[in-house]
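Trainee: Let's see this in three dimensions:
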Amino acid sequence: MRTGESLPSVRDVLALVETGRWHWDTAAGLVTVDEVSARLLGLPAEQVTLTEAQVRARLHPVDWNEITAVVQLAVAEGTLAEVRIRIMDDQGRVVRVVRSRSKPTFDPLRKAYLLTGILQEVTDPAPGTPAGRNAVTGDWRRSREAFLLDAGRALAEARSTQEVLRVAANLSMPGFSPDGLAVYGVTGDQLTVIGHHGPEPDSEGPFSMPLDTTFPAAEVARTGRAIYVSSPQQYQARYPLTWPLAERFGHQSWAFLPLTAAGRTMGTWMAVFAHPVAFTPDERSVLTTVARMLAQALTRAGTAESERALTDGLQRSMLPRLGPQRIPGMSVAARYVPTGGGLQVGGDWYDVITLPNERFALVIGDVQGHDVRAAGLMGQLRIALRAYASEGHRPDAVLSRASRFLYGINEADPADPRYATCLYVEVDPAGGVLDIARAGHHDPAVRMPDATVLTRQTAGGVPLGIDPGADYPTTRMVLEPGETMLVCTDGLIETGGHDLDTGWRRLRTVLERHRGSLEELADALVQAVHGPSSHHTTGPLTDRREDDIALLLLTRQAEGPGAGPGTLRSALRRTMLTVEQSEPERIAEARQHLRELLHDWCSPDQVDSAVLLLSEVLTNVLVHTDADALLQAEVISGPEGRRMHIEVTDGGPDLPHIRTPGELASSGRGLLLIELLAHTWGVSPRGKGKSIWFELDESDTPPEGADGTERTAASTPPEDRKLHEDRTTP
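Mentor: As a prediction, this is how the structure comes out:
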C-alpha cells in the first residue's frame, strides 16, 4: 500500500484472511452471517439471516452447549467469548472445525444476549500427536446421543406447558432438524392444538377437529402408532381429504408421533421438514425417543400447573388485594412470593388495615412451617388481627390478643403446635407517626431521602402463641418526608445461604442504589434475593425458592421544594433512639446507629470521635441521673459543607460542668473530651431536664483545641456562645 492510499474496508480485510462475521440476537432468535461465515457453516456463500435452530443443526450438539455456557461466563466476567466449534453435514459428519470469537452483552430490558463476532477455520491436530488426543470427532451416533442427553435434560427442567413447547421448538437434531412442529391434545372426542412453532397461515380461530377424521395427527391419537410421510406426493396419495390443510405450508416431509404417558396416548407430536427426509431407522429412533420425553414433560408440566393453580389460589385468597391505596401523603407497595418446594404454600402474610380517624395499620408475619396447616393458621390469624384492630385496640393490645388466640389453637391441637412472628405498625399519615409492636419479628429498616439506610431498633416480645400473657411494648417513631420503611419476613433476608447480617447487607445495597418508584423498588428487592428463573429468563442466577417471601414498603411523600438556597441549616438525615435506665445495653445500639448514620463521612477519625463522645454522654445520663436518655442525631448541610449534630436529652435537673479530675479519678472527663474533640458544643435547658449537644464539621483537620491551641469563640454559633462560655469558665 502506498502512502496516501485509502485503507481497505474491514469487510475486505476479513475476506482476504478468510474470516467471517456474524451477529446473534437471542431475543429475536436470529443469526446474521456474511458470505465467509455462511461458507464455513456449509451453506451457499452469501449473506443470510438464519434461525437459531438452523444454525444449531449445523453444529455439534455438545459444542452448542459449550457456546451457551461460554457466553454467560463472558458476560459475567466482561471478557471475550471464544470457543471451537465442529461444523457437521447432513449425514452427521464433521466437515471442519472453526473458532468463534465474540464480545457478548446482556440487554436487561429485553432480557437477551447480543453477540457480534468472527469465524475462522482452524486446522485439526494430526492423529497420534499430543494435541490430537483432545481433537474433536465427527462420529454420527455420538452426536445423536449427545443431542438426546441435551434434549432430555432441557425437557426435564421445563416446569410449564409453555416452557416444554419452547424447549421442543429449539431442539436441533443433528442432520435433520424440523422446521416446525405442532403438539395436538385430545379433549373429549376432539383433536385440539396445544402449541405450535414454525411457519403458519393466518388462523381464523382455534384449531379443532373430530378424532375420527383422516387427518394423520388424529389417526395417530386414535391408534397410538407413528406415521412418517417422506414427500408431498406420498401425503396427497395417502390422505387426499386433508392434503389441502398441509399443502399451503410448502413442507416436504412430515413425522406424526404419539405422545404416550403411563400407557395412555394423550396426543400427537407433528414435526415438519422443509427438505425431504428418508426417515431411516436411526432417525425414527431419535424422533420416537424425543416424543416419549416430550409426553413425560407435558404430563409433569400439566400436573405442576394444576397444583400451582390450586395452591396459588388458596394462598392469594388469604392475602389482601392492595389496589390503589388512597392514603394522603403516603404510598404502600407489597410483594409475596411462595416457596418453590412442596405445595408452594406457607405461613407468610401481609395486610393493610383501615382504621378510624384516617389511620391505617400495616401487618406482616410468618407462621411456622411451609404446609397447608401453616397457610390455614395464617388465614385465621390474619382475620383475628383484623378484628382486634378494627375494635380500636392499640398495637400492644392487638398482639396480646392475637397471641392468646393462637395459644388457644395450639392447646386444641397439642400434637402440632405452631408459633408466629409478627410486626404491627399503626400509622398516622398526617404526622408520619408510627406506633410499632413486635412479636419476635425482624426490626424495620428505613431508607432516608439521601439513600442512607438505618435499622430501627424497636422493643418487642416473644412470638405469638408461646405465652398467653405476654406483653408487647410499643415503640414510637416518625417517618420523615421522603423516607421509606421496609418490613419483611426472613425469606427476604436469608434466602440464598445468607444469615441475618449478610442478608441485611445485601438488602441495604439494593435500597441504597435504587432510584426508581416504590413498585420498582419492591420488584428489585425480590429480584436481588430470588434471582431470575433459569427458564423464564436468562441470567447468571438460578431460581431460589427456599422460603416464603413477604415484604411491605411504606413511603412518606416528600414535601415541597423545601428551604431556599439561603437556608443555613438543612437536615439531610436524622435518627432518634431512647435508652432507658433499665437498658444500658442499648448504648451499643446507639453507637451502631450513629455509625450507620455517618456511613459516608469523609473522616473515619471524626466518626470514631463522635461515637466516643456519644458513649460518654449516654453513660453520664444513666450513671448520674435517674432519667432516660433520648438520642437525636442528624447530618446538616450548610454553605460550608456538612456537619453532624448529636444531642442527648434527659430529665435530670442538674446541669453538668467541666471538672479537673485527678490522675486516679474514674470519672469527670466527659466534658473535657467533648471540649477537645468537638468543633462546638453546649448544654441547653429543656423544661424539667436538659440536653447536651455537640457538633463536628466534615473535615480532615482536627477541631481547634485538639492540638492544644486555644479555641476561639467564633467556633460556636452566636445563639449558643454565651452558654458555652459560662460552662468553660474556670
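
Trainee: which residues in the stretch 151-300 of the chain form strands?
Mentor: Ranges of strands in the stretch 151-300 of the chain, per DSSP state E, counting those that start in this stretch, are 180-187, 190-197, 208-210, 227-229, 253-261, 264-273.

Trainee: again with the stretch 301-450 of the chain
Mentor: So, for the stretch 301-450 of the chain - with DSSP E, counting those that start in this stretch - the strands run 330-337, 348-355, 359-367, 420-428, 433-439, 445-447.

Trainee: In CSV: those, plus distance to Pro639.
Mentor: The way it works is simple: take the backbone N, C-alpha and C, and place the C-beta from them, glycine included. Below are the strands of the stretch 301-450 of the chain laid out as CSV (distance: least, C-beta to C-beta, whole Å):
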stretch, distance to Pro639
strand 330-337, 33
strand 348-355, 43
strand 359-367, 39
strand 420-428, 35
strand 433-439, 32
strand 445-447, 27
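
Trainee: Same question for stretch 405-420: list its buried residues.
Mentor: Across stretch 405-420, burial judged by 16 or more other C-beta atoms under 10 Å covers 405-407, 409-410, 418-420.

Trainee: Quickly compare the strands of the stretch 151-300 of the chain and say which is most buried.
Mentor: Highest mean neighbour count among the strands of the stretch 151-300 of the chain (mean count of other C-beta atoms under 10 Å): strand 253-261, with a mean of 23.

Trainee: which other helices and strands contact that strand?
Mentor: helix 216-223, strand 227-229, strand 264-273, helix 281-317 (3 or more C-beta pairs under 8 Å, 6 or more residues apart in numbering; DSSP states H and E).

Trainee: Which of the ones you listed sits closest to Pro395?
Mentor: The closest of the helices and strands packed on strand 253-261 to Pro395 is helix 281-317. By C-beta to C-beta, the value is 26.0 Å.

Trainee: could you dump the strands of the stretch 151-300 of the chain to CSV with distance to Gly482 and mean pLDDT?
Mentor: Shown next, in CSV, are the strands of the stretch 151-300 of the chain (distance: least, C-beta to C-beta, whole Å; pLDDT from 0 to 100):
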stretch, distance to Gly482, mean pLDDT
strand 180-187, 53, 87
strand 190-197, 49, 84
strand 208-210, 58, 83
strand 227-229, 69, 92
strand 253-261, 57, 90
strand 264-273, 57, 89
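
Trainee: between those, which gets nearest to His599?
Mentor: Between His599 and these, the shortest gap by C-beta to C-beta is with strand 190-197, which sits at 52.1 Å.

Trainee: which outside residues touch that closest one?
Mentor: If you take C-beta atoms under 8 Å, 6 or more residues apart in numbering as the criterion, strand 190-197 is touched by 161-162, 165, 168-169, 180-186, 206-211, 213, 215, 217-218, 221, 267-268, 298.

Trainee: Out of the helices and strands packed on strand 253-261, the one nearest Ile118 is which?
Mentor: Proximity to Ile118 (C-beta to C-beta) singles out strand 264-273 among the helices and strands packed on strand 253-261, at 31.3 Å.

Trainee: could I get the closest one in CSV with only the CA atoms?
Mentor: What follows is strand 264-273, C-alpha atoms only, in CSV (Å, rounded to 0.1, in the frame of the first residue of the first chain):
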residue,chain,number,x,y,z
ARG,A,264,-52.2,-43.8,27.5
THR,A,265,-51.9,-41.8,24.3
MET,A,266,-52.5,-38.2,25.3
GLY,A,267,-51.9,-36.5,21.9
THR,A,268,-49.7,-36.3,18.8
TRP,A,269,-46.4,-34.5,18.1
MET,A,270,-46.1,-33.4,14.5
ALA,A,271,-42.6,-32.5,13.2
VAL,A,272,-42.4,-31.0,9.7
PHE,A,273,-39.4,-30.5,7.4
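
Trainee: Run through who's touching it.
Mentor: Under C-beta under 8 Å, 6+ apart, the answer for strand 264-273 is 168, 176, 178-186, 191, 194, 198, 216-218, 220-221, 224, 249, 251-260, 287, 290-291, 294-295, 298-299.

Trainee: Ends of stretch 173-189, what's the gap?
Mentor: Counting by C-alpha to C-alpha, to the nearest Å, you get 33 Å between the two ends of stretch 173-189.

Trainee: Report the distance from it to the chain centre.
Mentor: 35 Å (C-alpha atoms, centre = their mean, to the nearest Å).

Trainee: Quickly note the distance from Thr575 to Asp605.
Mentor: Look at Thr575 and Asp605: by C-beta to C-beta, to the nearest Å, they are 21 Å apart.

Trainee: Quick one: closest of the strands of the stretch 151-300 of the chain to Pro61.
Mentor: strand 264-273 (17.0 Å).

Trainee: coming back round to it: looking at the buried residues of stretch 405-420, which is nearest Glu283?
Mentor: Arg418 (57.5 Å).

Trainee: for the closest one, what are its contacts?
Mentor: Here Arg418 is in contact with 347, 367-369, 373-374, 377, 406, 409-410, 465 (C-beta under 8 Å, 6+ apart).

Trainee: Could you do Ile692 as well?
Mentor: By C-beta under 8 Å, 6+ apart, Ile692 lies in contact with 617, 647-648, 656, 674, 681-683.

Trainee: let's see it at 7 Å
Mentor: Contacts for Ile692 (C-beta atoms under 7 Å, 6 or more residues apart in numbering) come out as 617, 648, 656, 683.

Trainee: okay, these in JSON lines with distance to Gly641 and secondary structure next?
Mentor: What follows is the contacts of Ile692, written out as JSON lines (distance: C-beta to C-beta, whole Å; DSSP: H, G, I helix; E, B strand; the rest coil):
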{"residue": "Val617", "distance to Gly641": "24", "secondary structure": "helix"}
{"residue": "Val648", "distance to Gly641": "24", "secondary structure": "strand"}
{"residue": "Pro656", "distance to Gly641": "29", "secondary structure": "coil"}
{"residue": "Val683", "distance to Gly641": "25", "secondary structure": "strand"}
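
Trainee: Looking at neighbours, which among the residues you listed is most surrounded?
Mentor: Neighbour counts for the contacts of Ile692 (other C-beta atoms under 10 Å) peak at Val617, which has 26 neighbours.

Trainee: That residue touches Val648, doesn't it?
Mentor: Yes: judged on C-beta atoms under 7 Å, Val617 makes contact with Val648 at a distance of 4.6 Å.

Trainee: where does the stretch 151-300 of the chain dip in pLDDT?
Mentor: Scanning the stretch 151-300 of the chain for pLDDT under 70 picks out 172, 174-176, 198-207.

Trainee: could you redo the last one with a cut-off of 90?
Mentor: Scanning the stretch 151-300 of the chain for pLDDT under 90 picks out the ranges 151-183, 185-214, 223-224, 241-242, 244-252, 260-266, 271-300.

Trainee: Which one of Thr575 and Asp605 is surrounded by more residues?
Mentor: Neighbour comparison, Thr575 and Asp605: the larger count goes to Thr575, with 21 against 11 (by other C-beta under 10 Å).

Trainee: per-residue confidence at that one?
Mentor: With respect to pLDDT, Thr575 scores 80.

Trainee: wait, doesn't it sit right on Ala633?
Mentor: Yes: Thr575 is within contact range of Ala633, at 5.4 Å (criterion: C-beta under 7 Å).

Trainee: so what's Ala15 closest to, chain neighbours aside?
Mentor: Val36 (6.0 Å; C-beta to C-beta, 6 or more residues apart in numbering).

Trainee: Is it correct that the one you found falls within a strand?
Mentor: No: read with DSSP: H, G, I helix; E, B strand; the rest coil, Val36 is helix and lies in no strand.

Trainee: Tell me the secondary structure at the spatially most central residue of the chain.
Mentor: By C-alpha atoms, centre = their mean, the mean C-alpha position of the chain lies nearest to Gln527, the distance being 1.0 Å. Classification of Gln527 using three-state DSSP returns helix.
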